[in-house]
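# the following comprises the amino acid sequence and a computationally predicted model.
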Amino acid sequence: MPTKFEEKVYKAVKKIPKGEVRSYEWVAKQIGRPKSVRAVGNALNKNPYAPIVPCHRVIRKDGSIGGFASGAGKKVELLKREGAEHCSARTYVNKEKIC
DNA sequence: AGACTGACATACC
DNA sequence: CGGTATGCCAGTC
């Protein structure tokens, strides 16, 4: 059962437009806790709303994916396939640029 | 209740 | 520039 905090996180992530990517900091800011990026990651890690919340659109500020439950690399491909057709969205994996 | 963990960020060496 | 170290927040053991 997700807590209020997590609910806010999911809500914020769901707001991310398709084909766009946001940083954890961005999400944290949306929920009103810019420094709770870790907690955000924790919430997304459980991600009970897997298909509802596009967690793969949430990346690090550096542009790196960071890590995902199903594998960062796979998530990047999925991300590229889903929306980030152009390289406009900084799509990196562990500091490595995909596009 | 206390300690550890985790998908981060920033600072310092 | 790259790796190491510390701080942060919420959740879970």
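Cool, got the structure.
# from here on, contacts and neighbour counts on C-alpha atoms
Fine.
# tell me the phi and psi of residue A:37?
When read as degrees, to the nearest 10, the backbone of residue A:37 gives phi -60, psi -30.
# ok, now residue A:34?
Dihedral angles (degrees, to the nearest 10) for residue A:34: phi -60, psi -20.
# for DNA strand B, give me its nearest residue in chain A.
residue A:45 (2.8 Å; CA to the nearest atom of the strand).
# contacting residues around that residue?
Residue A:45 sits next to A:68, A:69 when contact means CA atoms under 8 Å, 6 or more residues apart in numbering.
# ditto for residue A:14
Under the criterion of CA under 8 Å, 6+ apart, the neighbours of residue A:14 are A:52, A:53, A:54.
# from residue A:46, how far out is the residue nearest the centre of chain A?
When CA atoms, centre = their mean is applied to chain A, the residue found nearest the centroid is residue A:58 (1.5 Å). As judged by CA to CA, to the nearest Å, residue A:58 and residue A:46 stand 14 Å apart.
# ok, back up a step: mean confidence score for the strand or helix carrying the residue of chain A closest to DNA strand B?
Using DSSP states H and E, residue A:45 sits within helix A:37-46. Mean pLDDT, helix A:37-46: 93.
# what comes up buried for that helix?
Buried residues in helix A:37-46, counting neighbours by 16 or more other CA atoms under 10 Å, are found at A:37, A:39, A:40, A:41, A:43, A:44.
# residues touching the third one, list them.
I take that to be residue A:40. So residue A:40 contacts A:6, A:9, A:24, A:27, A:28 (CA under 8 Å, 6+ apart).
# got a list of what the third one touches?
Neighbouring residues of residue A:24 by CA under 8 Å, 6+ apart: A:37, A:40, A:41, A:58, A:59, A:60, A:61.
# also within reach of DNA strand C: list those from the residues you listed.
For DNA strand C, the contacts drawn from those by CA under 7 Å from any atom of the strand are residue A:37.
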